[in-house]
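kindly return the folded structure for what I paste below:
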Amino acid sequence: MKKCRLALIHTLILFSFQATAESILKPQTQGDVTFVSGGVGVDERNEMQAIRAEYNLSVLFSVQGTGEYLSEVKVSIADSKGNTLLETVSDGPMLLAKLKPGRYNINAELEGQIAQKKANVEGNKRTSISFISPQQ
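Numbers count the residues shown, from 1 in each chain. Sure, this is the predicted structure:
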């Protein structure tokens, strides 16, 4: 009887590890750009951190001085020639993208205002930028 309980407990533990290994976030592709966005809640935030090394651009959206993060931010990424490579709405405060090496212009619409940053992406080296919205 004790062996049966141990076998059942062991099976349940293995099943729980398999269930937690499933990805919450779904990478998407537009043209040559693969990206994922999210980070709402502990599980998504942990998964974003776990896959961050697979992407060479990391973008974070927050509100100045509050510790609050923003989601549903309209984002566009254009190459140095002005060609738009990505247009999306972020599902959370973090957006990760795989880009070819080069210089990029990144626009984010924060509280109705468009903010622009430049990013220089060098191969597999990670580039991180933040968009910080002023308090309303």
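
least confident secondary structure element in the protein?
Lowest by mean pLDDT, DSSP states H and E among the helices and strands of the chain is helix 2-21, with a mean of 40.

double-check that K118 belongs to a strand.
Yes: K118 forms part of a strand when assessed by DSSP: H, G, I helix; E, B strand; the rest coil.

was I right about it contacting G102?
No: contact criterion Cβ atoms under 8 Å: K118 and G102 do not qualify, at 11.1 Å. For the C-beta atoms, the positions are set from N, CA and C on the backbone; glycine is no exception.

those two - which one has more neighbours?
G102 (13 against 10; other Cβ atoms under 10 Å).

OK, contacts around that one?
79-80, 120-121 (Cβ atoms under 8 Å, 6 or more residues apart in numbering).

for it, give the beta-bridge partners.
Per DSSP bridges, the residues bridged to G102 are V121.

for the protein, which segments are assigned as helices?
2-21, 41-51 (DSSP state H).

picking that back up, which one of the contacts of G102 sits in the busiest neighbourhood?
V121 (19 neighbours).

what residues are up against it?
V121 touches 56-57, 99-104, 127, counting by Cβ under 8 Å, 6+ apart.

now do 6 Å
Neighbouring residues of V121 by Cβ atoms under 6 Å, 6 or more residues apart in numbering: 56-57, 99, 101, 127.

just the residues you listed now: which is nearest L25?
L57 (15.8 Å; Cβ to Cβ).

distance of the closest one relative to E68?
Using Cβ to Cβ, to the nearest Å, we find L57 at a distance of 23 Å from E68.
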